[in-house]
Every structure is written in structure tokens, then in C-alpha cells.
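Peer 1: 3D, please:
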Amino acid sequence: MPSATTQAAARAHLLRHFTQTLRALPAEFALTLHHPDLPAANLHRGVNLPWEQNNPDNLLEFFDIRYWVVGTTPDTSDEYFDLVTKAWTEQSWPTRTDRPARPRTTYTRTPDGYGLTLTQSINGYLSLAGSTPAFAPDSPEGEPVPTRIDRPAE
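Peer 2: Take a look at the predicted model:
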């Protein structure tokens, strides 16, 4: 089981994986907790969960968060879903896609123990979730996660 040193380090590294994933997409793309086309579908700023829910002796936790992928439309999301899946595969991250048609989900686990999941809804909206390796529950959180992550400039 990979383990991050602290919660703050784990969250910061997860944000780097999100940014790296955004690099596979066009410049106008971003990740956000608030989708402009779905005002009632706001996402929360993440949650800490028990590493092993059925083992009360293991107090380790992990952090999990989901962002909307903005910059695409329901009509073009298939193309961008495939771009992200291809980018993860090209990085040699083991990647699995659950079905060939909507709604689709693709999963990967990075070599350093981070989990990423891209989900395409039946309506074609994309969201990207990530989870960290385990950390001690009393470790510092660090900076709050951003409500928006823009694709970095080249």
C-alpha cells in the first residue's frame, strides 16, 4: 500500500496529477466544482475517508474529490474522453474502461498510488475524480483544494 507522508503532501500531489491530465486536453479546458451548464450539480471540496472501512484498527485515511471537466460539450465529450484515456495509457498507467458507449468510465492507478477516474454521464458531461494514497488522520491538510484548476499554458 503506497503511503503519502502527510495529507497536505498527498493533496498537493493529487492536484499535480489533475494538472497533468488536463495537459491532454485543449487550452480552454479546466476542472471546476461548479459546472456552468449544471447549476444544481455543484461538487464538494473533497472528503477524507477511512482507508479500510471494515478494519477499525487501521486509522489511515485517504482524500477523494471530483471535478467537472469544462470546455467540452455533450456532443464532443466522446473525443475528449478518449484523449484522456489515451494520455493515461501512454504514461504506462494501467487503465481500464468499463464499456464502449455512454455512460462510460475509465479508471487508472498511477505508479505512486493515486487513483483517477474519468466519468462520462449518459448526457455526455465529463467529471474527473481522484483519490490519494493513505495518510495519518491527524496530519495537516495544507492549502484548501481549489474550486477551479485551469489547464496550464505550454
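Peer 1: for Thr19, which three-state class applies?
Peer 2: helix (DSSP: H, G, I helix; E, B strand; the rest coil).
Peer 1: the chain should start at 198 in everything you say after this.
Peer 2: Shifting the count to begin at 198 puts that one at Thr216.
Peer 1: tally of neighbours for the closest residue to it other than its chain neighbours?
Peer 2: Leaving aside its chain neighbours, Thr216 sits nearest to Pro349 (5.8 Å; criterion: Cβ to Cβ, 6 or more residues apart in numbering). C-beta here means a position set from N, CA and C on the backbone, and glycine is covered the same way. By other Cβ atoms under 10 Å, the residues close to Pro349 number 10.
Peer 1: pull up the per-residue confidence for Pro349.
Peer 2: pLDDT recorded at Pro349 is 89.
Peer 1: would you say it is within a strand?
Peer 2: No: remark: Pro349 does not belong to a strand; assigned using three-state DSSP, it is coil.
Peer 1: below-threshold pLDDT in the chain: ranges please.
Peer 2: Within the chain, the segments meeting pLDDT under 70 span 198-201.
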